[in-house]
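Visitor: Could you work out the structure for the sequence below:
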Amino acid sequence: MPTLFERIISGEIPSDQIYQDEVCVAFRDIDPKAPTHVLVVPRKPVRSLDDDLDAALAGHLLVVANKMAQQEQLSNGYRVVINCGEDGGQSVDHLHVHVLGGRALDWPPG
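Guide: Purely as a prediction, here's the structure:
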């Protein structure tokens, strides 16, 4: 069964997509935790960081996360988060990178 993100990538579920290339898509989170909350999701169905993740894909996702921060004008700073596993807060079994900003972010996060 396809994950929520696979269904978003295929267009089955609409999203507020702000970027796409041959490797990934980026869209606004429907339950934002900051004024700007973008998800960068690989097209390839990689379950989590615990899966067999290649360096090229991981690097590309981080480069795109930075592009999204620039595009969203997060010049005062931003946070990039990758949750891994249930205890790590991963709610969808498809690797994704959160880009959060638009306000001061507390530390520790939770």
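
Visitor: Which residues lie in contact with Pro2 in this structure?
Guide: Contacts here follow CB atoms under 8 Å, 6 or more residues apart in numbering; on that basis Pro2 touches Ser10, Glu12. For glycine as for every other residue, the C-beta is placed from the backbone atoms N, C-alpha and C.

Visitor: so where's the chain uncertain?
Guide: 110 (pLDDT under 70).

Visitor: could you pull out the strands for it?
Guide: 17-20, 24-28, 36-42, 78-81, 97-101 (DSSP state E).

Visitor: Output the contacting helices and strands for the last one.
Guide: For strand 97-101, the packing partners by 3 or more CB pairs under 8 Å, 6 or more residues apart in numbering; DSSP states H and E come out as strand 36-42, helix 55-71, strand 78-81.

Visitor: highest average neighbour count across the ones you listed?
Guide: Across the helices and strands packed on strand 97-101, the average number of neighbours (mean count of other CB atoms under 10 Å) peaks for strand 36-42, which reaches a mean of 23.

Visitor: counting contacts, what elements does that one pack onto?
Guide: Using 3+ CB pairs under 8 Å, 6+ apart: strand 36-42 touches helix 4-10, strand 24-28, helix 55-71, strand 97-101.

Visitor: No more questions from me, cheers.
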